[in-house]
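Colleague: This is a predicted model, with the sequence first.
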Amino acid sequence: MGCREYGSTQKMTILDAVVASRGHFVYESGHHGDLWLDLDALFVDARRVRGWAAALASRVTDCQPDLVCGPLTGGAFVAQPLAAEIGAGFVFAERLVSETETAQYRIPGSLRKIVHDKRVLLVDDVINAGSAIRATLVDLQGCGAKLAGIAALLTLGKAAAQITEQYSVPLFTLATLEHKMWAAEECPLCKSGEPLE
């Protein structure tokens, strides 16, 4: 599957904890791809999540965040124990979905003033096309937050690296998995008639 490891025990555990399927899929971003990960199983064992958060925490301390933020649900489940590990505050972004738009992520009203002028480490469980991270980042910036870095248990493809390069911040991850992803109008699986799963 073309996996690059950043810590052998974390990589195997993370990849063993998700159920991967190959086929033709539509992601939250609207992109099409050949890999689907069922991420619900990542959070069944809270001790394992705490261990992953500790592994990420050992890498992120140099970016010195005031707060750690994760989009609900997956990212927040990693962000909270990571924040506890490094002694930072924790905030989250709620997922808002309408029938006419793509999903948006918004910092709750009661937390918006807290993030103003703070260095924030943005955390997700898995970054694929990066739609949750990008949408959360847009809202954080709207609140006056400063991006300190981005972290994820697992990154798929190049989107996470492109986002961090765009904002000139570091990327921290425990494993990277390669896959193929396309804009819907450029999808070769659609052109070959392969049905969506």
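Modeller: In hand now; what should we look at?

Colleague: By residue count, what's the longest strand in the chain?
Modeller: In the chain, with assignment by DSSP state E, the single longest strand is strand 146-156.

Colleague: what lines up beside that one in the sheet?
Modeller: Pairing partners of strand 146-156, with direction, according to DSSP bridges: strand 119-127 (parallel), strand 171-177 (parallel).

Colleague: now it: how far from the chain's centre is it?
Modeller: 7 Å (C-alpha atoms, centre = their mean, to the nearest Å).

Colleague: Would you mark the buried spots in that strand?
Modeller: 147-156 (16 or more other C-beta atoms under 10 Å). (Each C-beta comes from the backbone N, C-alpha and C, glycine too.)

Colleague: which one among those residues gets closest to T164?
Modeller: For the buried residues of strand 146-156, the residue nearest T164 by C-beta to C-beta is I150; the value is 5.3 Å.

Colleague: so that closest one touches V120, yeah?
Modeller: No: checked against C-beta atoms under 8 Å, the pair I150 and V120 is beyond contact range at 9.9 Å.

Colleague: And the strands paired with strand 146-156: which comes nearest L82?
Modeller: strand 119-127 (5.9 Å).

Colleague: Report the buried residues of that closest one.
Modeller: Buried residues in strand 119-127, defined by neighbour count with 16+ other C-beta under 10 Å: 119-127.

Colleague: Nearest the geometric middle of this protein, what residue?
Modeller: In the chain, the centroid-proximal residue (C-alpha atoms, centre = their mean) is D124; its distance is 2.9 Å.

Colleague: Give me the pLDDT value at the closest residue in space to A103 that isn't next to it in sequence.
Modeller: Closest residue to A103 apart from its sequence neighbours, by C-beta to C-beta, 6 or more residues apart in numbering: V97 at 5.0 Å. We note a pLDDT of 84 for V97 in this prediction.

Colleague: Return the distance of V97 relative to G23.
Modeller: Taking C-beta to C-beta, to the nearest Å as the measure, V97 falls 23 Å from G23.

Colleague: again, but for G193
Modeller: Distance of G193 to G23, given as C-beta to C-beta: 13 Å.

Colleague: now swap in A161 and tell me
Modeller: Distance from A161 to G23, counting by C-beta to C-beta: 25 Å.

Colleague: Looking at these two, which is more packed in?
Modeller: Taking neighbours as other C-beta atoms under 10 Å, A161 and G23 compare with A161 leading, 16 against 13.

Colleague: For that one, give me the pLDDT.
Modeller: 94.

Colleague: give me the beta-bridge partners of the residue nearest to it when sequence neighbours are not counted?
Modeller: Among residues not flanking A161 along the chain, L171 sits closest, at 6.0 Å (C-beta to C-beta, 6+ apart). L171 forms beta bridges with I150, as assigned by DSSP bridges.

Colleague: my guess is L171 contacts T164, does it?
Modeller: Yes: taking contacts as C-beta under 8 Å, L171 lies within contact range of T164: 4.1 Å.

Colleague: So for these two, which residue has more residues nearby?
Modeller: Set L171 next to T164 and count neighbours by other C-beta under 10 Å: T164 wins out with 22 against 18.
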